[in-house]
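A.B. asks: Return a 3D structure for these sequence lines:
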Amino acid sequence: MRILIAEDEQRARRGLKNLIMSISDEYEIAAEVSDGKQALEIMQIVKPDVVFTDLKMPYMGGLELIKAAKAADMKARFVIVSAYEEFDVARQAISLGVCEYLVKPIMFDEVRELMKRLGDEADGACACKGSLKDQYPNAHPLVRKSLSFIETGYAAKISQRELAENLGVSQEYLCYLFNKDVGMNFSRFVRTYRIDLAKKLLLTEAVPREEIPYKVGFSDSKYFNKVFREIEGVSVAEFLRKKGR
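C.D. replies: Numbering: from 1, shown residues only. Down below sits the predicted model:
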């Protein structure tokens, strides 16, 4: 996969390059540029598969670069990397078909997951389809980042307080954003997501039934059964009986 990085801050540009290269040697950094105008010119030469672009750059910003590239019928997929958590910008990026909007500081796991999705997408369409974030396209960037964290880290202990600290905001602010954009509080969403995954495992029988609670992030089978009944309205046994299992 050929990648172009457009970022006017040298340290940030080098950091992103090193991060991507540390994930896999299959990723080739085809070019690094410091402004959008140069990025557009280089794109015509190196024909990257993916372009990581900052929003604020000299001569031509990230959104202008994306619009110009699409007007020229360039097929690259775009990922915005920005220190700005601007809802209107994120919404405009989505309307332009941007695959991802990453808010600095960038986490290694989210870039690794993004690169995997981009690599798995054979037809060149936006690789974020089917993800939790795809279900909430207009959510605040911090909420979308939280959804990515849940999607990749559901099997481990998830703390909203620690997540808020990693994102550089207060727990109260993240709680407010999550409730507003998702429609339920963070802890209930995590429980519901885990139970949805557990239901799929129960029906596919891909994992021994007694191991499922621990596979989806519960440390206690009794608590898992309690949460399952709370969310589904039936016990695990009743659920399986209704499904003919």
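
A.B. asks: give me the element the residue positioned nearest the centre of the chain is part of.
C.D. replies: Closest residue to the average C-alpha location of the chain: Ser148 at 4.1 Å, with Cα atoms, centre = their mean. Ser148 is part of helix 141-153 when elements are defined by DSSP states H and E.

A.B. asks: so how far is that helix off the chain centroid?
C.D. replies: Distance of helix 141-153 from its chain centroid, counting by Cα atoms, centre = their mean, to the nearest Å, is 6 Å.

A.B. asks: For it, which helices and strands make contact with it?
C.D. replies: helix 87-95, strand 100-103, helix 108-120, helix 160-167, helix 171-182, helix 186-204 (3 or more Cβ pairs under 8 Å, 6 or more residues apart in numbering; DSSP states H and E). For glycine as for every other residue, the C-beta is placed from the backbone atoms N, C-alpha and C.

A.B. asks: The fourth one: which residues count as buried?
C.D. replies: Applying a neighbour-count criterion of 16 or more other Cβ atoms under 10 Å, the buried positions in helix 160-167 are 160, 163-164, 167.

A.B. asks: cool, stretch 144-156 as well?
C.D. replies: For stretch 144-156, by 16+ other Cβ under 10 Å, it's 144-150, 152, 154.

A.B. asks: Distance check, Glu230 against Ile158.
C.D. replies: 18 Å (Cβ to Cβ, to the nearest Å).

A.B. asks: between the two, which one's more packed in?
C.D. replies: Shown here are Glu230 and Ile158; by other Cβ atoms under 10 Å, Ile158 has more neighbours (18 against 12).

A.B. asks: ok, the more buried one touching Leu147?
C.D. replies: No: distance between Ile158 and Leu147: 11.7 Å, which falls outside the contact criterion (Cβ atoms under 8 Å).

A.B. asks: sorry, back to before: return the residues in contact with the residue nearest to the centre of the chain.
C.D. replies: Shown in contact with Ser148 (Cβ atoms under 8 Å, 6 or more residues apart in numbering): 110, 113, 131-133.

A.B. asks: Tell me how many other residues surround the closest residue to Arg245 other than its chain neighbours.
C.D. replies: In this structure, Arg245 finds its nearest non-sequential neighbour in Leu203, 6.8 Å apart by Cβ to Cβ, 6 or more residues apart in numbering. Leu203 has 13 neighbours, counted by other Cβ under 10 Å.

A.B. asks: Tell me, what's the model's pLDDT at Leu203?
C.D. replies: The model reports Leu203 with a pLDDT of 86.

A.B. asks: Would you mind measuring from it to Ala71?
C.D. replies: 47 Å.
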